[in-house]
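Novice: Sequence first, predicted coordinates after that:
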Amino acid sequence: MKKAALSIDRTAFYELAEAVKLVKENARAKFDETVEIAVNLGVDPKHADQMVRGMVSLPNGTGKNTRVAVFAKGDKADEAKAAGADLVGADDLAEKINKGEMNFDRCIATPDMMAVVGRLGKVLGPRGLMPNPKLGTVTPNVAEAIKAAKGGQIEYRVEKMGIVHAGVGKASFSNDALAENVKTLVGAINKAKPSGVKGTFFKRVSLSSTMGPGLKLDIGALIG
């Protein structure tokens, strides 16, 4: 970490290509580190009209194996299994989740299953796993939703302090692939700017690897 810290200037604002290059060079752990972005926004999430949340498909994926749970019955359950869902069920799946079996990263439900899923709000909600029609995770098109989840679609959501944290790939990705993923995510957040926000929307954007130091990005060049 000390050696990595010496290679960057904490006061500088880096253009994306240089930042990606340095982040990759400083990802020296024995595992394939995740490249992470932190976006400080000029919003107050306590106000409903300033919430920033959505889904975006990263063009080069996340490098992560996303496990998907699907609430569905009958033909839709068969469709989900055929599409590669890791867990499929109805009341039986709800029972497993209530017992603490939460070995999945995304939860999808068909509309007719929301009566069952609704009872899991206190379990799924705090983990950001509650299916939501606005995010495309409550849908009759389960195969399409599973494909998107496993193909690099991520959810971004502003936290209490006005920050969006997200993984945008792995250190093993090419420089161009990481840069493209960053631009795609930042572009999606920019489009999701709430109409009630006044003043500066992007306050600070930084990029780092799991174990590496953070670099501040030149916001003007990034969203210009």
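Specialist: Sure, I can see it.
Novice: residues in contact with the closest residue in space to Gly121 that isn't next to it in sequence?
Specialist: Leaving aside its sequence neighbours, Gly121 sits nearest to Met130 (CB to CB, 6 or more residues apart in numbering; 6.1 Å). All C-beta spots, glycine's among them, are computed from the backbone N, C-alpha and C. Applying CB atoms under 8 Å, 6 or more residues apart in numbering to Met130 gives the contacts 107, 117, 120-121, 124.
Novice: in this structure, what spans have low per-residue confidence?
Specialist: 1-7 (pLDDT under 70).
Novice: and if we set it to 80?
Specialist: 1-10, 224 (pLDDT under 80).
Novice: Where do the helices of it begin and end?
Specialist: Along the chain, counting by DSSP state H, helices occupy 2-6, 16-25, 74-82, 91-98, 114-118, 121-124, 142-150, 175-191, 219-223.
Novice: Please identify the buried residues of the longest one?
Specialist: Counting neighbours by 16 or more other CB atoms under 10 Å, one finds that the buried residues in helix 175-191 are 177-182, 184-186, 188-189.
Novice: follow-up on the earlier one: among the helices of the chain, which is nearest Gly167?
Specialist: helix 175-191 (9.3 Å; CB to CB).
Novice: Now tell me what touches the closest one from outside.
Specialist: 16-17, 20-21, 23-24, 35, 37, 39, 41, 52, 54, 56-60, 154, 156, 164, 166, 168-169, 173, 201-202, 205, 207, 222-223.
Novice: I am finished for the moment; much appreciated.
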